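Novice: Sequence plus predicted model, see below.
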Amino acid sequence: MKRNKEFGGSIEVICGSMFSGKTEELIRRLTRAKIAKLNVEIFKPKTDTRYDESAVVSHNANAIPSIPVENSSAILLYGSDVEVIGIDEAQFFDDELPDVCVKLANKGIRVIVAGLDMDFTGKPFGPIPALMAIAEDVTKVQAVCMKCGAPALYSLRLNSNPNKVLLGEKESYEPRCRVCYNEDKASY
Ligand SMILES: Nc1ncnc2c1ncn2[C@@H]1O[C@H](COP(=O)(O)OP(=O)(O)O)[C@@H](O)[C@H]1O
Ligand SMILES: Cc1cn([C@H]2C[C@H](O)[C@@H](COP(=O)(O)O)O2)c(=O)[nH]c1=O
Ligand SMILES: [Zn+2]
């Protein structure tokens, strides 16, 4: 049974701070789709080479093979028989990503997008807010604040690099709750 074609496509967004479990949740949903014998493809931006050139890898080392792509429209070129598409680190894609996801969903594909909703200054990040607006389902996950242990929605940058894009891990970022983020953030 090919459920997705029968019931129509959809867009799901998984968003939150760094270390909040976005990639884990994406991998969980895609693994279940694979168990259901659906045809699954996973994409990530070519720029994100942190853990692996091609695989999508979570902070606790769960991994799933993926295709690194230069830009969002490249996703449209892959497999006409795809039923489920996963996209990780979506904040790094261009502003065409929402239109690309709509085209895919209108073809009957279940599209699951994971990405940071806010950058280190607390501002909306790339195409994620637009995707949240057009999605059937939005899941916002939270990390653990590394200062007080409360649920964390912000990614605090630990250095003074002012660039919006700065790939990194624990050496460069820590999750913070609202109170601790406001105490600790530099004057951006
Ligand atoms: N402060 C933290 N809060 C929550 N999880 C953390 C934290 N620091 C490390 N982790 C680890 O990160 C994992 C989530 O990783 P991942 O799914 O890659 O997150 P994201 O994609 O949102 O950055 C958790 O299961 C946990 O093992
Ligand atoms: C907040 C913030 C993050 N980044 C980078 C840092 C990491 O390489 C990724 C996020 O990875 P994760 O899977 O969500 O942990 O984004 C950035 O470039 N700019 C920022 O403001
Ligand atoms: Zn806190």
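Specialist: Ah, there it is. Ligands and ions are numbered 1, 2, ... in the order given.
Novice: make it CA atoms for all contacts and neighbour counts henceforth
Specialist: Noted.
Novice: Name the surrounding residues that touch the longest helix seen in the chain.
Specialist: Assignment by DSSP state H gives helix 22-35 as the longest helix of the chain. For helix 22-35, the external contacting residues (Cα atoms under 8 Å, 6 or more residues apart in numbering) are 14-16, 39-40, 56-58, 62-64, 84, 86, 88, 112-115, 141.
Novice: Also within reach of ligand 1: list those from those residues.
Specialist: residue 58 (Cα under 6 Å from any ligand atom).
Novice: How about the residues of the chain by ligand 2?
Specialist: 18, 19, 116, 119, 120, 155, 164, 165, 166, 167, 168.
Novice: farthest pair in the residues you listed?
Specialist: Using Cα to Cα, the residues of the chain next to ligand 2 reach their maximum pairwise distance at 19 and 164, which is 18.0 Å.
Novice: Need the distance between the two termini of stretch 25-45.
Specialist: In stretch 25-45, first residue to last residue: 18 Å (Cα to Cα, to the nearest Å).
Novice: Now it: buried residues?
Specialist: 25, 26, 27, 30, 33, 38, 40, 41, 42, 43, 44, 45 (16 or more other Cα atoms under 10 Å).
Novice: how far does stretch 50-68 stretch from start to finish?
Specialist: 12 Å.
Novice: which residues touch that stretch?
Specialist: 19, 21, 23-24, 27, 41-46, 88, 167-168.
Novice: Can you name the next helix or strand after the helix or strand bottoming out on mean pLDDT in the chain?
Specialist: None of the helices or strands of the chain scores lower by mean pLDDT, DSSP states H and E than helix 3-7, at a mean of 54. Beyond helix 3-7 in the direction of the C-terminus, DSSP states H and E gives the next helix or strand as strand 10-16.
Novice: Summarise which helices and strands that following strand is packed against.
Specialist: For strand 10-16, the packing partners by 3 or more Cα pairs under 8 Å, 6 or more residues apart in numbering; DSSP states H and E come out as helix 22-35, helix 97-106, strand 110-116, helix 128-134, strand 137-141.
Novice: tell me which residues in that strand are buried?
Specialist: Of the residues in strand 10-16, those buried (16+ other Cα under 10 Å) are 10, 11, 12, 13, 14, 15, 16.
Novice: interface residues of this protein facing ligand 1?
Specialist: Close to ligand 1, as judged by Cα under 6 Å from any ligand atom, the chain has residues 17-24, 58-60, 143-146, 175.
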